[in-house]
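Q: Got a predicted structure plus its sequence, pasted below:
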Amino acid sequence: MSNSQLTPGIAPGRLPAEAYQRNFSDLDPPLDRHEAHVAADRCYFCHDAPCMTACPTSIDIPLFIRQIATGTPDAAAKTIFSQNILGGMCARVCPTEQLCEEVCVREVAEGKPVEIGRLQRYATDTLMAKGVHPFTRAAPTGKRVAVVGAGPAGLSAAHRLAMLGHEVVIFDARPKPGGLNEFGIASYKTPGDFAQAEVEWLMRIGGITLKTGHALGRDITLEGLRAEHDAVFLGMGLSGVNALRAEGEDRANVHAAVDFIATLRQAPDKSTLPIGRDVVVIGGGMTAVDAAVQSKLLGAENVTIVYRRGQEKMSASTHEQEHATSVGVRILCNAAPVAVHGNGAVREVEFAYTEDTPSGLKLGAETFRLKADQLFKAIGQTLAGQPEALELAGGKIAVTGAGRTSLDGVWAGGDCASGGEDLTVTAVAEGRDAAMDIHARLAQPS
Amino acid sequence: MANLASDFIGIKSPNPFWLASAPPTDKEYNVRRAYEAGWGGVVWKTLGSEGPPVVNVNGPRYGAIWGADRRLLGLNNIELITDRPLEINLREIKSVKRDYRDRALVISLMVPCDEESWKDILHRIEDTEADGVELNFGCPHGMAERGMGSAVGQVPEYIEMVTRWVKQHSRMPCIVKLTPNISDIRKPAEAAKRGGADAVSLINTINSITSVNLDSFSPEPMIDGKGTHGGYCGPAVKPIALNMVAEIARSMETRGLPISGIGGVTTWRDAAEFMMLGAGNVQVCTAAMTYGFKIVQEMISGLSDYMDQKGFTSTADLVGRAVPNVTDWQYLNLNYVTKARIDQDLCISCGRCFAACEDTSHQAIAMSPERVFTVKDDECVACNLCVNVCPVENCITMTELPKGAVDERTGRVVSDYANWTQHPNNPSVQAAE
């Protein structure tokens, strides 16, 4: 193949073979033992530590860092996993710069936080590399719980329930477990098939049956699950994609960014993936950044993220935005798509400049066009295919307390449930807390 | 630039920084390079008697403890005195001294505890033209079991006796090196003085086991599964050494006896502190062994800048300057009342002061829901723990209450100097009434 970045249209293999290897290897390589000890030594072991408060799963960060500093990374890992069983993935994908590291007193004081995320990875990788599962299952309770969705929320709930002795069946629509960990995260954040290894490791608690290829509403129903189980946890995420509502959106080569990211994650050889010479991504979140950065890493010549509001409103963190610009992605703000032009397939996207006013976003009269061989939509996902019996709030399953839905015996957590940010770590916390609530309920005399 | 020239018991050197008798001074090659690097003087590694040289272990002879990023904080060793033939050492000393006349060169000695042995070794070193001798009464391992080193240094009568022999059989200035492995450092210093010593040097190394290997269940450094106590030195021992130096400097019996300060000197600042407490010069080993000879350049520039700032024109100006301020607890002013003050602009809200005070001290720091930390004056005893655990320099300071102010904790008005010897709770005071 003799394609290059300048090859017109959509083409694979735009880069030399070694570039793919480099582009899709570990973005942030793990700390070695000495680096971890030096990084750990910077922790002040704060009283009532702000980092711990900022962590949605409330990991005892000062304690696990001290355990690393004293040469016991396995104990550190156990401290992490006891609060967050997906601590390994969270160490890779958490926007720590917006959570624990943002409030680290050393960030506040010196602009240089303790590297909590990388230390967490050091601890969790150390334990997981030994193939050890640090928890043991309680005596079986005889109770059965159905979990819908093998993503972060469902896996977290399932693990906690199984650990407490309940029998758990996880149903997932996709052929593989992991949810967004497997299909929704940029490849360079989780190389080495980490998501699958993590699920396999998590399942070693025992008592969990995984049924892939089972979609709610297609292969199973909520009523059926309720009839056969003592409780149901819904953690199926958001499978719908918002529409651009721009003229010509149905032209070829206009895709949901999440599908692009999923395809990319599943491709063993990235050089075989076709990518446009000119790529436009619409959106302002992590999905937009992941799609844009990976388009660039696949060899696109020009990649532009276009966001309809000001840069300060982008939900992708500054760290993520800087990463995008560092690989050559251009970020354009205050512009919204009004039309997708082309003859069958997209050739150009037309944008109108916007003005963010107190009464809402207003489109200006002036427009401009960007060349586009591919257009990726990253403007949010929506709940789809949810059982009608459930009450909704803000387009998501309404929950109160620890994930209780409007239906008795049905809990929900993660992106599909109302409240909380759409983050892996938040989903893990919600799954865990719902599991504890389910456990409390199941322990009550019926 | 201040003049750092030093005259220690008549031994002149361009600066007060000497290398202590230790591995760095075991041979001509090292000593020449040390002088070239700028060291003012060298105490040649301890010579023993004529005869078959001592033998060292052939496994690890050093153990260490580390701080963050493997910064070496303490080192111990089980090395013995020089294991090279006496004749070679003497030849090298003579050769080096001939080429570096402006530098101090003192020979450390350790021979069996009989007059003939001392007379013999003193005779042998005479024509090296060395500037003086240092009697190694401090080495705590290996030689002590053979009745030398600290085995002598722990018995004041022996120190006095040997020192007397040395002064009798040699015209060289004599420094007696003291072991800290003793309960009262003043006793051996007094003995040295009685024996006619021109100076004492201290501290030699402290008996120690640096760590225990938790897999082989053996002390470190480990030799074939076993370990033994070694001599501890480096930054970790400095506070112990400073106190011992000060005790000798302020004792009525030994006041005025010249002191060569040793023990964890790593920077110019450490050197200045030893000299303030009465040391006429300092000897360095661990810092050189950790970083190499070049560190002396920082010591020279640092001490010189400090002296310029203070208007000191000679190192003698700082020697002993802090000695009058070292006192006994009973003379401390009980009416000196301070309170901790937290600078809210510098505070980074880590809460370490709160944890320390709340869990282990006087519950004198309040924490608000917004993580603002403030001192409760009615509880603060001014212990200084918050200052010590705060990671931000100068964030917490101790502020003195002026005379006439009321200490909210005791309700008493701050008044003039008064110490324990005058305090009504002191039984001795009541007995005297």
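A: Received the coordinates, thanks.
Q: Of all the residues in stretch A:51-71, which ones are buried?
A: Neighbour counts over stretch A:51-71 (16 or more other Cβ atoms under 10 Å in any protein chain shown) mark A:51-52, A:54-57, A:59-69 as buried. For the C-beta atoms, the positions are set from N, CA and C on the backbone; glycine is no exception.
Q: Also stretch B:114-126?
A: Buried residues in stretch B:114-126, counted by 16+ other Cβ under 10 Å: B:117-119, B:121-122, B:124-125.
Q: show me the residues around B:K238 that make contact.
A: B:K238 makes contact with B:263-266, B:270, according to Cβ atoms under 8 Å, 6 or more residues apart in numbering or on different chains.
Q: Go again with 10 Å.
A: Contact partners of B:K238, counting by Cβ atoms under 10 Å, 6 or more residues apart in numbering or on different chains, are B:203, B:261-266, B:270, B:273-274.
Q: Helix, strand, or coil at it?
A: helix (DSSP: H, G, I helix; E, B strand; the rest coil).
Q: cool, and A:S315?
A: Classification of A:S315 by three-state DSSP places it in coil.
Q: who are the neighbours in contact with the closest residue to it other than its chain neighbours?
A: Spatial nearest neighbour of A:S315, chain neighbours left out: A:G285 (4.3 Å); criterion: Cβ to Cβ, 6 or more residues apart in numbering or on different chains. Counting by Cβ under 10 Å, 6+ apart, A:G285 touches A:257, A:307, A:314-317, A:320, A:378-380, A:422.
Q: Quick check: the gap between A:G285 and A:F376.
A: Using Cβ to Cβ, to the nearest Å, A:G285 is found at 12 Å from A:F376.
Q: And the strands in the stretch 1-150 of chain B?
A: Ranges of strands in the stretch 1-150 of chain B, per DSSP state E, counting those that start in this stretch, are B:6-8, B:11-13, B:17-19, B:41-47, B:62-66, B:72-77, B:104-109, B:132-136.
Q: Quick one: closest of these to chain A.
A: strand B:62-66 (9.8 Å; Cβ to the nearest Cβ).
Q: So which elements touch the closest one?
A: Secondary structure elements in contact with strand B:62-66, counted by 3 or more Cβ pairs under 10 Å, 6 or more residues apart in numbering or on different chains; DSSP states H and E, are strand B:72-77, strand B:211-213, strand B:218-220, strand B:230-233, helix B:286-291.
Q: in chain A, what residue is nearest chain B?
A: Minimum separation of chain A from chain B (Cβ to the nearest Cβ) falls at A:H47, amounting to 3.1 Å.
Q: I'd say B:E145 and B:H229 touch.
A: No: counting by Cβ atoms under 10 Å, B:E145 stays clear of B:H229, with 11.0 Å between them.
Q: Please list the residues of chain A that sit near chain B.
A: Chain A has residues A:34-35, A:37-38, A:40-50, A:53, A:62, A:69, A:71, A:103-110 near chain B, with proximity defined as Cβ under 10 Å from any Cβ of the partner chain.
Q: Buried ones among those residues?
A: Applying 16+ other Cβ under 10 Å to those flags A:35, A:37, A:40-47, A:49-50, A:62, A:69, A:103-107, A:109 as buried.
Q: residues near the residue of chain B found nearest chain A, how many?
A: With Cβ to the nearest Cβ as the measure, B:G351 is the residue of chain B nearest to chain A, at 3.1 Å. Residues within reach of B:G351, counting by other Cβ atoms under 10 Å in any protein chain shown, total 22.
Q: now swap in B:A144 and tell me
A: For B:A144, the neighbour count with other Cβ under 10 Å is 21.
Q: quick revisit: near chain A too, which of the buried residues of stretch B:114-126?
A: Cross-checking these against chain A (Cβ under 10 Å from any Cβ) gives no overlapping residues.
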